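[1] From the sequence below, what's the structure:
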Amino acid sequence: MVESLAIGVDIGGSHITAAQVDLATQRILLPSLKRAAVNTRGDADEIISAWCSVLVENCKGLCPQTVKIGIAMPGPFDYQQGVSYMREQNKFDSLYGLSVRTLLAEKLGLVPENISFLNDAACFLKGEVFGGAAKGCSRVLGLTLGTGFGSAIFDNGLVEDANLWCDPYKDGIAEDLFSTRWFVKRYTELTGRNAKDVKGILDSGCDDKFVKQVFREFGENLGEYLVGLSNRFDFDTVVIGGNIAKSFPLFAEPLQNFVRETNQAIAFKQSVLNENAALVGAASIWQDVQTGPRVLHSQELR
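    Coordinates of the predicted model:
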């Protein structure tokens, strides 16, 4: 069992989550699942120490010379070298230009080469392909819909950050329409009320017709965008994750109807691993090393 284990890590804007993953069964060992808050505006030592406090728990019982760690990390980040280039995002400024791989390896007493990194959106998709909603699919677009708009492409063993958040669309960029801020803005336009997020809209008790209109428009906009995107990327399946995906049944019908009317053959799937998808995907980097499928480390620093 130990030989088939890898540690999957999800680095968020305010937290770290980590767990041991059995690569043979594509399952998280739930007793190992740990999550902790992180002051991402702290200095480098504070951030690294907070991450290591969780990783130490996951490394217990594993040989320090052979333990494998895969980390889902937001960008900008040099995933091959393990160097952070995040700044002016209200998080991780103190890590700018530093080798996160080296800092973690030194503090944990691990072999640096046994710590790998991949874009967080790509890890989400890898997880869903490896052991989730897209298992067995070969050409998949993964979308994470929340405070931001994450995207990745999986094509016959290759996974890559699609970097669509800044894609020009309508009067702005894709993230303007496919994130929480669009829901909040449109809801206010229709009702004159304020809401913090999508959950707040659903809990507001507002006239049901306005809530339905917001989700209908979102589904139609997303359908129109994906039809156009299919001319640039080769995919036949879309997996949707992130906090907004919890409301997928509310916008699934207008999304699917729009795509169907254009005669596009695209299957839509809701994430089944949810917040654990990135953990499974990050750990599965080491399955790739063992069996051969490649991971494309996008060097676009956004």
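[2] Quick check: Phe268 is in a helix.
    No - under DSSP: H, G, I helix; E, B strand; the rest coil, Phe268 falls outside any helix and is assigned strand.
[3] Quickly list what it is bridged to.
    Beta-bridge partners recorded for Phe268 (DSSP bridges): Val238.
[4] how far away is it from Thr237?
    Shown here: Phe268 relative to Thr237, a distance of 8 Å by CB to CB, to the nearest Å. No exception for glycine: its C-beta is placed from N, CA and C like everyone else's.
[5] and those two? which has more neighbours close in?
    Set side by side, Phe268 and Thr237 show more neighbours around Thr237, with 21 against 18, by other CB atoms under 10 Å.
[6] is it true that that one touches Gly132?
    No - contact between Thr237 and Gly132 fails when scored by CB atoms under 8 Å: they sit 11.8 Å apart.
[7] Now Asn274. Its backbone dihedrals?
    With angles defined as degrees, to the nearest 10, Asn274 shows backbone torsions of phi 50, psi -130.
[8] for Ala162, same thing?
    Ala162 has phi and psi values of phi -80, psi -20 when expressed as degrees, to the nearest 10.
[9] what separates it from Val238, distance-wise?
    As for Ala162, its distance to Val238 is 12 Å (criterion: CB to CB).
[10] out of the two, which sits in the busier spot?
    A direct count of neighbours by other CB under 10 Å for Ala162 and Val238 places Ala162 higher, at 25 against 20.
[11] Could you list the low-pLDDT ranges of the stretch 201-302 of the chain?
    Low-confidence segments of the stretch 201-302 of the chain (pLDDT under 70): 206-207, 288-302.
[12] what about the helices in it?
    Taking DSSP state H, counting those that start in this stretch to define them, one finds helices in the stretch 201-302 of the chain at 208-229, 248-261, 277-283, 285-291.
[13] Among the ones you listed, single out whichever gets nearest to Ser53.
    With CB to CB as the criterion, Ser53 lies closest to helix 277-283 of the helices of the stretch 201-302 of the chain, at 17.2 Å.
[14] Run through the neighbouring helices and strands of that closest one.
    Taking 3 or more CB pairs under 8 Å, 6 or more residues apart in numbering; DSSP states H and E as contact, the helices and strands that helix 277-283 lies on are strand 5-11, strand 15-22, strand 69-73, helix 120-131.
[15] so of the ones you listed, which one's packed in deepest?
    helix 120-131 (a mean of 30; mean count of other CB atoms under 10 Å).
[16] so what strands line up beside the next helix or strand after it?
    On the C-terminal side of helix 120-131, the closest following helix or strand by DSSP states H and E is strand 139-145. For strand 139-145, the paired strands and their directions (DSSP bridges) read strand 149-155 (antiparallel), strand 237-241 (parallel).
[17] just how off-centre is the first one within its chain?
    Using CA atoms, centre = their mean, to the nearest Å, the mean C-alpha position of strand 149-155 is found 9 Å from that of the whole chain.
[18] again with the last one
    In terms of CA atoms, centre = their mean, the centre of strand 237-241 is set 11 Å apart from its chain centre.
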